[in-house]
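In: after the sequence you'll find the predicted model.
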Amino acid sequence: MTETKFRDMSGFSTLDDFLDEEGIREEVTLRAVKSVIALQLQQAMKAQGITRAAMAAEMETSRAQLNRVLDPEASNVTLDTLSRAARVLGRSLKVELV
């Protein structure tokens, strides 16, 4: 049996400190944001009874592109595409620099 070794985390007071130390904070944050947006779009589609085919047609895009929008792991989606998806559902996309 292989023994699992854990890293000493006592030097980190927050998750952000750890992510900064690892150099992955921005990547992790962007993936989390994309996951939340994808989930919100899926929930709105379900609540409004909109199928993927109908959604893609309203967005004037392909089902393959819509699948990337709705895939929490897909990071290669433009803001324009996310904004069009939001508009179809009567929502808007808000992006800000902090």
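Out: Here it is on my side, so go on.
In: make it CA atoms for all contacts and neighbour counts henceforth
Out: OK.
In: buried set for the lengthiest helix in the chain?
Out: When secondary structure is assigned using DSSP state H, the longest helix within the chain turns out to be helix 25-48. For helix 25-48, burial by neighbour count (16 or more other Cα atoms under 10 Å) applies to 34, 35, 37, 38, 39, 41, 42, 44, 45.
In: the third one and residue 21: what is the separation?
Out: Same thing as residue 37. Per Cα to Cα, to the nearest Å, residue 37 is found 27 Å from residue 21.
In: circling back: tell me the one of the buried residues of helix 25-48 nearest residue 85?
Out: When those are compared for distance to residue 85 (Cα to Cα), residue 41 wins out at 7.5 Å.
In: can you pull the pLDDT of the residue nearest to the spatial centre of the chain?
Out: The centre of the chain sits closest to residue 34, judged by Cα atoms, centre = their mean, with a distance of 1.2 Å. Residue 34 carries a pLDDT value of 90.
In: find the nearest non-adjacent residue to it, please.
Out: residue 72 (6.0 Å; Cα to Cα, 6 or more residues apart in numbering).
In: contact partners for that neighbour?
Out: By Cα atoms under 8 Å, 6 or more residues apart in numbering, the residues touching residue 72 are 31, 34, 35, 36, 38, 39.
In: separation between the fourth one and residue 19?
Out: From residue 36 across to residue 19, the span is 19 Å (Cα to Cα).
In: residue 47 now?
Out: To residue 19, residue 47 is 35 Å away according to Cα to Cα.
In: what does residue 65 give?
Out: Noted for residue 65: a distance of 31 Å to residue 19, by Cα to Cα.
In: please apply the same query to residue 59.
Out: Using Cα to Cα, we find residue 59 at a distance of 36 Å from residue 19.
In: same thing with residue 50?
Out: Per Cα to Cα, residue 50 is found 38 Å from residue 19.
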